[in-house]
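K.L.:
how does the following fold in three dimensions:
(one chain, ligands or ions: 1)
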Amino acid sequence: MNKRTFIKLFAAMIASPVISPLFAWAQSNKLKNWAGNLEYGTDRLYSANSLEQVRDYVKKQSKLKVLGTRHCFNNIADSMHNLLSLKSMDEVVALDPEAHTVTVTGGITYGQLCPYLHTRGFALHNLASLPHISIAGACSTATHGSGEKNGNLATAVSALEIVTAAGEVVKLSRQIDGEAFRGAVVGLGALGVITKITLDVQPTFMMRQYVYENLPLSEMRDHFDAIESSAYSVSLFTDWQKQRINEVWIKSRVEEGQAFEATSEFFGAKRAIRNLHPIAELSAENCTEQMGVPGPWYERLPHFRMGSPHLMISEIRAIAADNLWLSPCYEQPCVTIHFTWKQDWPAVRKLMPGIEKELAPFNARPHWGKLFTTSPADLKSIYKKIPEFVQLSKKYDPQGKFRNEFLNTNIFSS
Ligand SMILES: Cc1cc2nc3c(=O)[nH]c(=O)nc-3n(C[C@H](O)[C@H](O)[C@H](O)COP(=O)(O)OP(=O)(O)OC[C@H]3O[C@@H](n4cnc5c(N)ncnc54)[C@H](O)[C@@H]3O)c2cc1C
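P.N.:
Okay, here's the model as predicted:
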């Protein structure tokens, strides 16, 4: 969705207060996703400690899915048969200061990698709202942060090592493999097990974060570009009430020429005088430091600290275009709208088609890791590269060993 259409849409949505609470937590002790809204189809979870163990396991099983840090809200990581965890494969394999890359194994999280990079003088270009997620899982679903010049997290990937359905080790790189690589990076877990992933790094940098409260909707409508481009990363939080954006989170680099001038007013919003949670009524103790206090990139780009529980409202962000086949930003910059739902899938499921209908004219693409009811036919019309992706997947997984209900329905149905 481009920015202009987004602004129109936003005005329409704010008029209809459809977002409301909901569900009871699943009661059983079965393995669940992080949010607790999904019970996985099996408890058969195997933990691999090495490439050889991954290869052996993959060769032995006829059906399996890799489980990352379980932060997807839908059944993309689910299996009725076998789950494979690479949690203990969480090492940094190589930091190459000349090539500006870091290579890690398939189970490491951003929270583990970021301090390592910073202490050695390096940084990643962006992060999601929290650091707890696995790098392989996040890139596989095109997870993103904000910043209209920042691509999603998968755009930092420059090489992958994948164990295919036959147990073979395949290496793909941006430099050598062109289109196949661009197809594989946002791979939805369909091509195989990512055992190593190489990311671009840059010299480390410091950031400051300011929060502004109560941005009038009219200001956002008239100055959306100026607001979004005012700093390295900008997030707008709203509960869709009272014709205003509740909070604007502005994250800027401290270098000269990139710093944000933190005036007391920002397009009619007032600079906060204390640290805030995206829901102002909640304690900010789990949120990253604000009020302009300088800190390293990885302690400012996420909204939440490592080890925090999370609850958010709607968040609006901007992302740069990229060339990764299944990225929502494939060949178009995007405005993203994130909804935090309360735990009542039946009620949410009823609301969703209405929201998706409103968004349809704007070519909106659902996030692969979140809840949606978009039909497979519609997905194919908005993710144009799905047919090529299907062919690529078949090359590495001809029998569908890594497919599950999510993939069969959304990607592989004819
Ligand atoms: C509190 C919270 C905040 C979030 N914030 C953001 C945000 O700011 N921005 C955003 O875009 N999204 C956000 N998300 C969504 C989430 O981060 C992504 O969907 C991401 O995929 C989660 O990674 P994971 O490892 O937990 O994934 P999982 O759910 O464990 O797996 C996701 C997919 O990756 C595959 N996979 C995982 N590891 C491997 C591997 N080694 N090899 C092959 N395939 C693998 C799985 O099979 C599955 O298909 C958030 C989610 C939560 C719960």
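K.L.:
for residue 114, pull up the helix or strand it's in.
P.N.:
helix 110-119 (DSSP states H and E).
K.L.:
wait, residue 379
P.N.:
Taking DSSP H and E as the criterion, residue 379 maps to helix 376-382.
K.L.:
go ahead and confirm residue 356 touches residue 372.
P.N.:
Yes - Residue 356 is in contact with residue 372 according to C-beta atoms under 8 Å; the separation is 6.9 Å. (C-beta placed from N, C-alpha, C; glycine too.)
K.L.:
now the stretch 151-300 of the chain against the ligand: closest residue?
P.N.:
residue 189 (2.8 Å; C-beta to the nearest ligand atom).
K.L.:
what about that residue, neighbour count?
P.N.:
Using other C-beta atoms under 10 Å, residue 189 is surrounded by 26 other residues.
K.L.:
SS state for residue 302?
P.N.:
Under DSSP: H, G, I helix; E, B strand; the rest coil, residue 302 falls in the coil class.
K.L.:
contacting residues for it?
P.N.:
Residue 302 is in contact with 127, 128, 129, 130, 131, 145, 288, counting by C-beta atoms under 8 Å, 6 or more residues apart in numbering.
K.L.:
most neighbours among the residues you listed, which one?
P.N.:
Neighbour max across the contacts of residue 302 (other C-beta under 10 Å) = residue 127, 28 neighbours.
K.L.:
interface residues of the stretch 1-150 of the chain facing the ligand?
P.N.:
With C-beta under 6 Å from any ligand atom as the criterion, the stretch 1-150 of the chain meets the ligand at residues 34-35, 65-72, 76-77, 86, 106, 128-130, 133-134, 136-138, 140-141, 143-144.
K.L.:
would you mind giving me the confidence score for the most centrally placed residue in the chain?
P.N.:
The chain has residue 143 as the residue nearest its centroid, 2.0 Å off, counting by C-alpha atoms, centre = their mean. Predicted confidence (pLDDT) for residue 143: 98.
K.L.:
is it correct that it is in contact with residue 132?
P.N.:
No - Residue 143 is not in contact with residue 132 according to C-beta under 8 Å; the separation is 11.7 Å.
K.L.:
which stretches of the stretch 251-400 of the chain have low pLDDT?
P.N.:
Residues of the stretch 251-400 of the chain meeting the criterion pLDDT under 70: 307-312.
K.L.:
circling back to that earlier point, list buried residues within the residues of the stretch 1-150 of the chain next to the ligand.
P.N.:
Neighbour-count burial (16 or more other C-beta atoms under 10 Å) applied to those gives 35, 65-72, 76-77, 86, 106, 128-130, 133-134, 136-138, 140-141, 143-144.
K.L.:
which of those residues fall in helices?
P.N.:
Mapping these onto helices (DSSP state H) picks out 136, 137, 138, 140.
K.L.:
tell me the pLDDT of the nearest residue in space to the second one that is not next to it in sequence.
P.N.:
Put plainly, it is residue 137. Sequence neighbours aside, residue 68 is the residue nearest to residue 137 in space, at 2.6 Å (criterion: C-beta to C-beta, 6 or more residues apart in numbering). We have a pLDDT of 98 for residue 68.
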